[in-house]
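1. Quick one, what's the 3D model for this:
(chains A, B and C)
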Amino acid sequence: METAEQLRDRLQAQFPAAEIAVVPNPGPAAQHSLLLGAAHARAVALFLRDDPALALDYCSNVTGVDWLQAGYLEAVYHLFSMARPQGGPVVIRLRTGNRTDQVTLPSLTPVWRSCEFQEREAFDLFGIRFADHPDLRRILMWDEFVDHPMRKDYVEPDDYEWEPTAHHEVLAKARPPAPAPPSGPPEGTPP
Amino acid sequence: MSDPAPASSAAAAAPDRDELRRHGILLTSLEELYNWGRSHSVWPLQFGLACCAIEMIASSMARFDIARFGSEVFRPSPRQADLLIVSGTVTKKMAPQVVRLWNQMPEPKYCIAMGACAISGGPFKQGYNVLKGIDRFIPVDIYIPGCPPRPEALLNGLIALQEKIRGQQLTGPEAPPHLRADAPGDYPVPEFGAHDLLPPNNPAVWAPPAAARSETA
Amino acid sequence: MSASAFPPPVPPGPQVRAVTDEFHGDLLEISMGPHHPSTHGVFRMQATLDGETVVKLKPVFGYLHRNHEKLGENTSYLGSMPYTDRLDYFCAMTNNWAYALSAEKLAGQAVPERAEYLRVILAELTRLLNHTCLAGFLLQDTGASGTPLMYAFREREKILDLFESLSGSRMMCNFQRFGGCRTDAPADWLARAGQLVDGYGAFLDEFEALITGNEILLARTQGVGRLSAALAVSAGVTGPMLRATGVAYDLRKVDGYGIYPRFDFRVPLGDHGDTYDRYMIRVLEMRESIKILHAALREIPAGPVMDPKAKLRGFRPKPGEAYGRIEGPKGEIGFYLISDGGANPYRYRVRPPSLVNLTILEDLCLGHTLADTVVILGSIDIVLGEVDR
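-> This is a model prediction of the structure:
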C-alpha cells in the first residue's frame, strides 16, 4: 500500500486545484492522514472510492473532533477497502473555518452510504453542518435541544445533588452556593 | 381468636393461629388474605432499558426462575402490569416515556429501581443526557444496588417487595395509594427543554438532600 | 468518471409507492417503541404503513445515550475500561479487547503470548454466547415465545459461570488491560472451558434439529429483508450481516490481529443476504468458533499474562492517534483515540457496529409487512448500549 506522501502526490496530480496536505501522526501507530480542502473533498472522495488501485469502498468510521485551542472543528473519515483488503486505513480529514459561523463541510454520504448516521451524529454532538446530507437532523439528543454537547466548552446543566465526599471538585463546588442553571446557550454554539 | 385482627396485632395472634393451623383450622384476617393474594402475583411490565434488563431476563429464565415467585407473566402492556422494574439507565430522552408508562399503569402499582443507574444515575452520573435516578419523577418502593445486580439480587428485591406488600395496612394513613382518596393520580410528564428536562425533577416526589456546606476547605 | 459530474446520491433502496385513493384509504403512521417487547431495547421505529405494508421507516434512537465518549475524555485511559463493558453489554470481553488493542496501538505496547491465547479464548466464547442469544431472541421475535430463548440462556449461563470465575463478574468483566489481561486463569478454568466447548457441539446439534429445518422459520425468514452486497459494502455493514450477502470480509482473516493467523477456520458466506442467511451464518460461525476454541485451549502456553513493562495507572501515550478494530460478534468494533500526552484521551471515539448496520434498516423493510420488520430487526442484531453509547 502506498504511503501517505505518495497518495498525496497522486491526488494532487489528479486534482491540481485541490488542497491536500499530509498530517503526520507522531505516535507509534503511524496512521498518517490527509487533510483535504472542503471545496474538492467530494471529488477526491469519489476518486478514492473508484480508483482501481485503491478501491476504498468501505468508510468505516466518521467522527468529529473539537480542536478548541486551534479554533476549528474537524471531521475525520477512516477508509478501508473490501475489494483489496490488505493494508491499513486511509484517513482523511476535513476542517471547518472556525467554531462559530463557518461550520459547514461537504457531506460524503453521496459517496459512502455509511456516513449517513455518523455525520448526523457529528452534527448533533459537534455542530458541524454537512451540506447535501439527505437528512441532517439530530440523532442522539432530542430535537428541541440546542447545545452541541461534545464540544470542549459545553457546560452541562447543574442537576447533581451535593454529596458529602472528600472529592476535590465536589468540595470546591460546595463552597459557594451552586450557581443557577444557564439561561442561554453556552458561548461558542453556532446560531 | 377468630376475629379479623388488624396487622399490628397479627404477631400476637399468630401463635394462636399457628396452633390452630396445626390442627387443620385456617384463620386469617381480610387484610392478610388481601395482601397475600396481591403479593404473590405481582406481574412486572416487560420493560428493560439497558444492561440490567439482561439480568432481569436471565432471572426469568430457567436457572433463576422468577416464576416461582408469581412473577412469571411479564406483560407487554402497562395496563395489565403491577410492577415497573426500571432496569437500566434512564436517560432524559427516555424519562417522559417512563413517566407516561407509570401513569398508564393502574393502581395498585409498585416500582423497583434495579441497578445503580436507576437509583442515582450510576456510573453515568456525570452525563448531560442521564437522569440521576428515576425517583426524581416517580415514587420508588425498592432499590436494588448493583451494576448489574445479580439475578439473585433481583429476586431478593422482589421478596422484599412482597414483604412490603404483605405488611401494608388497608385502612388509615399508611394505606397504599389505591385505597386513599388523597393520593396523586397522574404524575406530571416532563417536557424536552432547550438544555434539560422541564421540570428537571418532580418536587412532590423528590427533593435534593439537605447540603451541610462547610465554610472552610 | 470526470471529477465535476457527481453521480446521484446512493438511492435508499426500492421505493414502495403507497396507493392512496378513495378505495384504499389513508396511510397509517405508527411508532414502534421505545417501549416495545421486540425492539431489543429502547429503540423506536417510526413506520408508515399502507395496510400492512411498510412504505417508510425511520429509526429513532438516543434513548440510551449515556455520553460514553464525553466520559472517555474526562476519565483516564484505564478508567474507561469498565465503561466499555457497558457498550455492547452481551459482549463485554470483545469490547474490552477492542479498546485494549487500540490503546496498545497508540502506545506501541506489546502483549505476551499467553494473554493473546486467553484473549482469543474469551472472544470466541463471547461469540458463542452472542450468537446463541441472537438465535434465541430471533425466534422469540418470530413468535416462538420463550422456549428457544430458555435453551439459549441455559447455555449462556454456563459461559457466564466461566466468566465469573475468571473475572469476578458475569457480564461486566473489565478483564483486558493495556498489555495483557488482568489476571491469569485459575488452575482448573481451562479444563472447565474445555468441557464446555466439548459439550457445545451437542447443544448446537440439538438446537438445530429443532429449529433449522423448521418450516415456520423458513417461511418467516427466507426472502425477507434481502440485502445486496453492493449496498452492504457502501453502507459500511460488517459482521455476519455482511458475510450473509457473500462478501468475504472477516477482520480475523483480513487484519489478522492477535494470533488469529495461527488458527485454521473457515469464514461462512451466504448466498441471498436474507434473514435466513443471516441466521444460518451465525450458526455456522458458532461451529467455527468451537474449532478455534479447541485449538486454542490445546495450544495455550505457560507464561505471564501481562507485559511487565506495561503501565496501567500511569498510562500516558505520546501525542498521536490510532484506530484499532476487531471482529466482534456483531461486526467491526473499533476505537479511535487521540492522545495529547495527558492522562486522559483528547478524543475517545467508539465505532459501533450496530449503529452502522442500522443504516439500511429502511431499505430492508420497505415493501414488507410490519411483522417482517420485527424479524429483520432481530436479524441485524443490535444492542442499544452500542448504538447510542
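2. Do I have it right that residue A:107 meets residue A:129?
-> No: using C-beta atoms under 8 Å, residue A:107 is not in contact with residue A:129, being 9.1 Å away. Quick note: C-beta positions are derived from backbone N, CA and C, even for glycine.
3. quick one, which of those two is more surrounded?
-> residue A:107 (25 against 16; other C-beta atoms under 10 Å in any protein chain shown).
4. residues touching the more buried one, list them.
-> By C-beta atoms under 8 Å, 6 or more residues apart in numbering or on different chains, residue A:107 lies in contact with A:115, A:119, A:130, A:131, A:132, A:133, A:136.
5. if I look at residue A:107 and residue A:129, which residues touch both of them?
-> residue A:136.
6. what does chain C put close to chain B?
-> C:34-37, C:41-42, C:62-68, C:70-71, C:74, C:82-83, C:86, C:89-90, C:149-150, C:153-154, C:156-157, C:170-172, C:384-385 (C-beta under 8 Å from any C-beta of the partner chain).
7. Show only the entries of these found in helices.
-> C:68, C:70-71, C:74, C:82-83, C:149-150, C:153-154, C:156-157, C:384-385 (DSSP state H).
8. Dump these to JSON lines, plus neighbour count.
-> Converted to JSON lines, those look like this (neighbours: other C-beta atoms under 10 Å in any protein chain shown):
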{"residue": "C:68", "neighbour count": "22"}
{"residue": "C:70", "neighbour count": "22"}
{"residue": "C:71", "neighbour count": "20"}
{"residue": "C:74", "neighbour count": "13"}
{"residue": "C:82", "neighbour count": "17"}
{"residue": "C:83", "neighbour count": "23"}
{"residue": "C:149", "neighbour count": "23"}
{"residue": "C:150", "neighbour count": "13"}
{"residue": "C:153", "neighbour count": "21"}
{"residue": "C:154", "neighbour count": "15"}
{"residue": "C:156", "neighbour count": "24"}
{"residue": "C:157", "neighbour count": "17"}
{"residue": "C:384", "neighbour count": "27"}
{"residue": "C:385", "neighbour count": "27"}
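9. and stretch C:298-313, is it in reach of chain A?
-> No: taking C-beta under 8 Å from any C-beta as the criterion, stretch C:298-313 and chain A are apart, separated by no less than 14.0 Å.
10. So what would you say the end-to-end distance of that stretch is?
-> This stretch, stretch C:298-313, spans 34 Å end to end (C-alpha to C-alpha, to the nearest Å).
11. Now it: average pLDDT?
-> For stretch C:298-313, mean pLDDT is 86.
12. Same check on stretch A:87-94?
-> What stretch A:87-94 shows for mean pLDDT is 87.
13. Can you show me the helices along the stretch 151-300 of chain C?
-> C:189-211, C:215-221, C:229-234, C:240-243, C:251-254, C:275-299 (DSSP state H, counting those that start in this stretch).
14. which of those sits most buried?
-> The highest average neighbour count among these, using mean count of other C-beta atoms under 10 Å in any protein chain shown, belongs to helix C:240-243 at a mean of 28.
15. What segments of chain B are helices?
-> Counting by DSSP H, the helices of chain B are B:10-22, B:30-39, B:51-59, B:95-104, B:116-120, B:151-166.
16. Which residue ranges of chain B form strands?
-> For chain B, the strands defined by DSSP state E cover B:83-87, B:110-114, B:142-144, B:191-192, B:197-198.
17. Out of those strands, flag the one nearest residue C:141.
-> Proximity to residue C:141, assessed across the strands of chain B by C-beta to C-beta, is greatest for strand B:83-87 (19.9 Å).
18. I'd like to know which elements that closest one is packed against.
-> helix B:51-59, helix B:95-104, strand B:110-114 (3 or more C-beta pairs under 8 Å, 6 or more residues apart in numbering or on different chains; DSSP states H and E).
19. So what touches that strand?
-> Residues beyond strand B:83-87 that count as contacts (C-beta under 8 Å, 6+ apart) turn out to be B:42-45, B:47-50, B:52-53, B:55-56, B:71, B:78, B:98, B:101-102, B:105, B:109-115, B:118, B:134, B:138, B:140, B:148, B:154, B:161.
20. Please pick the buried ones from those residues.
-> Neighbour-count burial (16 or more other C-beta atoms under 10 Å in any protein chain shown) applied to those gives B:42, B:44-45, B:47-50, B:52-53, B:55-56, B:71, B:78, B:98, B:101-102, B:105, B:109-115, B:118, B:134, B:138, B:140, B:148, B:154, B:161.
21. hang on, the earlier thing: how about the helices of chain B in CSV, adding mean pLDDT?
-> Listed next are those as CSV, based on pLDDT from 0 to 100:
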stretch, mean pLDDT
helix B:10-22, 69
helix B:30-39, 83
helix B:51-59, 91
helix B:95-104, 92
helix B:116-120, 90
helix B:151-166, 92
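22. circling back: could you list which of the buried ones among the contacts of strand B:83-87 also contact chain C?
-> Answer for the buried ones among the contacts of strand B:83-87 near chain C (C-beta under 8 Å from any C-beta): B:47, B:48, B:49, B:50, B:53, B:55, B:101, B:148.
23. With distance to chain A added, can I get the residues you listed in CSV?
-> Converted to CSV, these look like this (distance: C-beta to the nearest C-beta, whole Å):
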residue, distance to chain A
B:47, 20
B:48, 20
B:49, 16
B:50, 15
B:53, 20
B:55, 25
B:101, 18
B:148, 22
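24. mind listing what residue B:187 touches?
-> B:99, B:102, B:103, B:137, B:138, B:202, B:205.
25. so how many other residues sit close to the nearest residue to the last one once chain neighbours are set aside?
-> When the adjacent residues along the chain are set aside, residue B:205 lies closest to residue B:139, with 5.5 Å between them (C-beta to C-beta, 6 or more residues apart in numbering or on different chains). Burial of residue B:139, expressed as a neighbour count using other C-beta under 10 Å, amounts to 18.
26. ok, now how distant is residue B:139 from residue B:149?
-> According to C-beta to C-beta, to the nearest Å, residue B:139 stands 20 Å off from residue B:149.
27. Compare the helices and strands packed on strand B:83-87 and give me the one nearest residue C:194.
-> Counting by C-beta to C-beta, and looking across all of the helices and strands packed on strand B:83-87, nearest comes helix B:51-59 at 24.4 Å.
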